[in-house]
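> Make a model of this:
(chains A and B)
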Amino acid sequence: MSDSVLEVRGISKRFAGHVAVTDLSLRVPKGAVYGLLGPNGAGKTTSIRMIMNITIPDEGTVRLFGDDLGGRHHSARIGYLPEERGLYKKMKVRDMLVFLAEAKGVARSRAARKADEWLARLGLAEWGLRKVEELSKGMQQKVQFIGTMLHEPELLILDEPFAGLDPINAQVLKDIIVQLARAGTTIIFSTHQMEVAEKICDHVCIIARGRKVLDGGLAEVKREHGGTHVAVAFEDAALAGQAMRAISDLVASADDSGMSAELRLVEGADPQEVLKRLMQLQVRLRRFERIEPSLHRIFLDKAGPGAIDAERQEVAHA
Amino acid sequence: MHKVWAVIRREFIERVRSKWFLVATVLGPVFMITVAVLPSLLATRGGKVSNIAIATSAGGSLADRIRTSLSRSSRFNVELVTAAEDQMLGVTDSLASLVRSEALDGYLALTGATIDAGTAEYRGRNVSSLRDMAILEAAVRQGVVVERLNRRGVDPSVVQEAQARINLRTQRISKKGPGGESGEATFFLGYGVGLVLYMTILLYGINVMRSVIEEKQTRIIEVLVSSLRPFQLMMGKVVGVGAVGLFQFGIWTAVGYLFMHNRVAILTRFHVPADAISAFQPPAISGELLGVTIAYFLLGYLLYSALFAVVGASVNTESEAQQAQQPVMMLLVFSLIFSFSAMTDPTGSLARTLSLVPFSAPIIMPVRVATSDVLRSQIALSLGITLASSVLVVWGAARVYRIGILMYGKRPSIKELIRWARQS
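This is a model prediction of the structure:
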């Protein structure tokens, strides 16, 4: 398809002793903000490395920008932030950025101009002539992001971009991602932080134990997850437990956080009935809302411990 | 190509800018001169005047003669002790205790057997000074010869004449006819060429290795291989670091040339006496030798830096590299060791063979060229073999490098390295 930036078909990768990724297929439309979600060790990094053609898949194909020439061929159009960050410690910040852009094929003078622009934009203008090792960790991370985006790629692939960021830098990065997405850049990023993904992704793919669990547009995924979901918040923690017990026969599963809970009701149960029982108990509520399931809930249902048990039972029955 | 240039430029500029480069450029020649000059300086200057005694039961004239010639060397202070044959043991015992209490440095015992059978004994604390022992032996030998001739009734004036000192001057004859350089200068030239090549190849090879390890350790390698092919990256690195080496060679050659041309003015300014200046005749470095040295530096560096790149790619840390680099270092060290035998016998079969083996040729062949005349055809053959092997090694190294740079954890065995090289 001409409007997909990335198309992965049935890639698998085995390492000595274990299978990292099995038969993964996905499609990233142009302009999407695509979240690759999964718990630690799910195979996200291996998948991204195969997409970048750093690791060669044992099976399957990766098509970038409509052809199979590989990530290195298109490297000028791609910005890649690996999971393991690193810079030349002894180099001056500006020289380092210019070199990274040159390695992508950007002309030297243009790279220098862009580096100055970005350094100024992220408040690092006066650090350009310092050595990388003199910068704080947060500043080094910013420099690394600049290195990823300096050559104005059409596609950004970020492996766990928010890992290890303090809230301020996480916000800076999120703002940049949103800006670039609005300007038409396609962004693929991996994370296990569902709240972040929920805020900025329009497409998601959840993988667990090397397999795709589900993928699609965020709204679509939520709709298809089905069920009736209710969010409640209590004013009094003492009565909350009593209230949860009173409605337990109507609840299929609950993400109970004590003072609040996200409930998935049993098939056919009416949220109105839940509210009625709570009123009878005279529990004071801060919130009662019929909601779409959160990505966190979907993720737990699909890739959490419950899903693993269900899968095991299926395997046992088969 | 633009991308490879970026890598080359980065490697070159970052190195030339560093303090390390300045230190190596300045201290390199200082170190070389020290290594070349210091041993001979120590050997000639070292030591002090030794106080020794000569205990003799063989009559005074032999001991006198030996004392005279030893005093002439101005390295010995000699005292004579005459004793009867049966008292010798007691005398030497008391001399030995004087040596132990450091009142004496040693003693020479002469007996009747010295003249008849040529046996004498020296005991002292300084027996390992080769030069002193050589002087001592020569003095005893000369004394014995004269004594024997005297006994046979040879005319003392004939004996005097027979003792004429011989001063053998050595001079190398090259294709261009007898050159100005002496045998000693030729030896030092060969020694210098071998050492410079060994040190620069090692230095820059290890630089390549460090650079690979740095990229692996800082994990920047993953960003780089997403833009560049591993082969481009490796070659950019090898060429960039090699260019630093050539640049340094250039500086050394230029400074050396300027010094040689203006040495009279420079040395005079440092108040070096005029006769010392004229005695300081530098070995003539021919254009051929310079060309051969640079060519073999490039090939040797290419060969060894590719091997060092493999070492760097197969380890995780510098400390692991210390061990993993040993086999590669050994190849270089052996080449240097064998270059000494090539210096003494530059046309021998060992030197000829080793100058065709690709791993030793980069050091042995230039040493041979420095110390003898090597046929152009032999140089061409050796260059060809080394070039072909270098290309082969670079090709294999690139294949191992490609996989090694993304591998972390356990160090691979040689077997695994070979498997990596075979993988498509």
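> Show me where chain A has its strands.
Along chain A, the stretches classed as strands by DSSP state E are A:4-15, A:18-29, A:33-37, A:59-64, A:78-81, A:155-159, A:186-191, A:203-208, A:211-217, A:229-234, A:251-256, A:260-265, A:285-291.
> Mind listing the strands the third one pairs with, and their directions?
For strand A:33-37, the paired strands and their directions (DSSP bridges) read strand A:186-191 (parallel), strand A:203-208 (parallel).
> wait, which of the ones you listed is closest to residue B:133?
strand A:186-191 (77.4 Å; CB to CB). For the C-beta atoms, the positions are set from N, CA and C on the backbone; glycine is no exception.
> any weak-confidence spans in the stretch 201-350 of chain B?
Along the stretch 201-350 of chain B, segments meeting pLDDT under 70 span B:271-284.
> And the strands in chain B, which stretches?
For chain B, applying DSSP E gives strands covering B:50-56, B:76-82, B:106-110, B:121-124, B:171-174, B:177-182.
> Could you tell me the least trusted of those?
Among the strands of chain B, strand B:177-182 has the lowest mean pLDDT, at a mean of 56.
> Might one say that residue A:53 is in contact with residue A:68?
No: the pair residue A:53 / residue A:68 is not scored as a contact, 9.6 Å apart, by CB atoms under 8 Å.
> Now the common contact residues for those two.
residue A:62 (CB atoms under 8 Å, 6 or more residues apart in numbering or on different chains).
> hang on, the earlier thing: with mean neighbour count added, can I get the strands paired with strand A:33-37 in CSV?
Formatted as CSV, those follow (neighbours: other CB atoms under 10 Å in any protein chain shown):
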stretch, mean neighbour count
strand A:186-191, 25
strand A:203-208, 24
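> Quick one: the ones you listed as a markdown table, columns for mean pLDDT and distance to residue A:267 too.
A markdown table is the format used below for the strands paired with strand A:33-37 (pLDDT from 0 to 100; distance: least, CB to CB, whole Å):
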| stretch | mean pLDDT | distance to residue A:267 |
| --- | --- | --- |
| strand A:186-191 | 92 | 32 |
| strand A:203-208 | 89 | 23 |
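> near chain A, which residues of the stretch 201-350 of chain B?
Residues of the stretch 201-350 of chain B lying near chain A by CB under 8 Å from any CB of the partner chain: B:214-215, B:217-229.
> please redo it, this time with the cut-off set to 6 Å
Residues of the stretch 201-350 of chain B lying close to chain A (CB under 6 Å from any CB of the partner chain) are B:218-220, B:222, B:225-228.
> Give the ChimeraX command for selecting the buried subset of these.
Burial among those is assessed by 16 or more other CB atoms under 10 Å in any protein chain shown; the matching ChimeraX selection reads:
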select /B:218,220,222,225,226,227,228
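> count of neighbours near residue B:405?
When neighbours are counted by other CB atoms under 10 Å in any protein chain shown, residue B:405 registers 23.
> and it, what is it in contact with?
Residue B:405 makes contact with B:216, B:221, B:313 under the criterion CB atoms under 6 Å, 6 or more residues apart in numbering or on different chains.
> count of neighbours near the last one?
Read it as residue B:313. Using other CB under 10 Å: residue B:313 sits among 28 other residues.
> quick one, what contacts it?
Here residue B:313 is in contact with B:212, B:401, B:404-405 (criterion: CB under 6 Å, 6+ apart).
> same question, the second one
Residue B:221 sits next to B:215, B:405 when contact means CB under 6 Å, 6+ apart.
> run the last query once more with 10 Å
A:54, A:82, A:84, A:86, B:212, B:214-215, B:230, B:233, B:313, B:405-406 (CB atoms under 10 Å, 6 or more residues apart in numbering or on different chains).
> Need the max-distance pair from those.
Between any two of those (CB to CB), the greatest distance is 18.9 Å, for A:54 and B:214.
> residue of the stretch 1-150 of chain B with the smallest distance to chain A?
When distances are taken as CB to the nearest CB, the stretch 1-150 of chain B reaches nearest to chain A at residue B:6, 3.7 Å away.
> On the pLDDT front, check that residue for me.
At residue B:6, pLDDT is 91.
> I figured it hits residue A:108, correct?
Yes: in terms of CB atoms under 10 Å, residue B:6 counts as a neighbour of residue A:108; the distance is 8.1 Å.
> More neighbours: these two, which one.
Neighbours were counted for residue B:6 and for residue A:108 using other CB under 10 Å; residue B:6 has more, 26 against 15.
> dump the residue contacts of the more buried one.
Neighbours of residue B:6 in contact, by CB under 10 Å, 6+ apart: A:98-106, A:108, A:111, B:227-228, B:232, B:236, B:240.
> From these, keep the buried residues only.
A:98-104, A:106, A:111, B:227-228, B:232, B:236, B:240.
> Determine which two of the residues you listed are furthest apart.
Between any two of these (CB to CB), the greatest distance is 19.4 Å, for A:106 and B:240.
> more neighbours, residue A:53 and residue A:68?
Each of residue A:53 and residue A:68 has its neighbours counted (other CB under 10 Å); residue A:53 has more, 20 against 11.
> Which of the contacts of residue B:6 fall within helices?
A:98-103, A:108, A:111, B:227, B:232, B:236, B:240 (DSSP state H).
> Dump the residues you listed to TSV, plus distance to residue A:14.
Shown next, in TSV, are those (distance: CB to CB, whole Å):
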residue	distance to residue A:14
A:98	39
A:99	35
A:100	32
A:101	36
A:102	36
A:103	31
A:108	42
A:111	39
B:227	27
B:232	29
B:236	32
B:240	37
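> quick check, nearest of the residues you listed to residue A:18?
For those, the residue nearest residue A:18 by CB to CB is residue B:227; the value is 29.5 Å.
> Surely the closest one is in contact with residue A:102?
Yes: counting by CB under 10 Å, residue A:102 is a contact partner of residue B:227 at 9.3 Å.
> which stretches of chain A aren't confidently modelled?
Ranges of chain A meeting pLDDT under 70: A:1-2, A:305-318.
> what do you get if the cut-off is 50, keeping everything else the same?
Applying pLDDT under 50 to chain A flags residues A:1, A:318.
> tell me the contacts of the residue of chain A most remote from its centre?
Centroid-distance maximum for chain A: residue A:280 at 41.9 Å, with CA atoms, centre = their mean. Residue A:280 is in contact with residue A:246, counting by CB under 10 Å, 6+ apart.
> got a list of what the residue of the stretch 151-300 of chain A found nearest chain B touches?
The minimum distance from the stretch 151-300 of chain A to chain B, using CB to the nearest CB, falls at residue A:157 (8.8 Å). The neighbours of residue A:157, taking CB under 10 Å, 6+ apart as the test, are A:6, A:28, A:34, A:36, A:48-49, A:51-52, A:64, A:71, A:78-82, A:148, A:186-190, B:226.
> quick one: the nearest residue to residue B:328 once chain neighbours are set aside and chain A, what's the gap?
Closest residue in space to residue B:328, ignoring its immediate chain neighbours: residue B:307 at 4.7 Å, by CB to CB, 6 or more residues apart in numbering or on different chains. Applying CB to the nearest CB, to the nearest Å, the value for residue B:307 to chain A is 24 Å.
> ok, residue B:307 touching residue B:234?
No: Residue B:307 lies out of contact with residue B:234 (CB under 10 Å); the separation is 11.9 Å.
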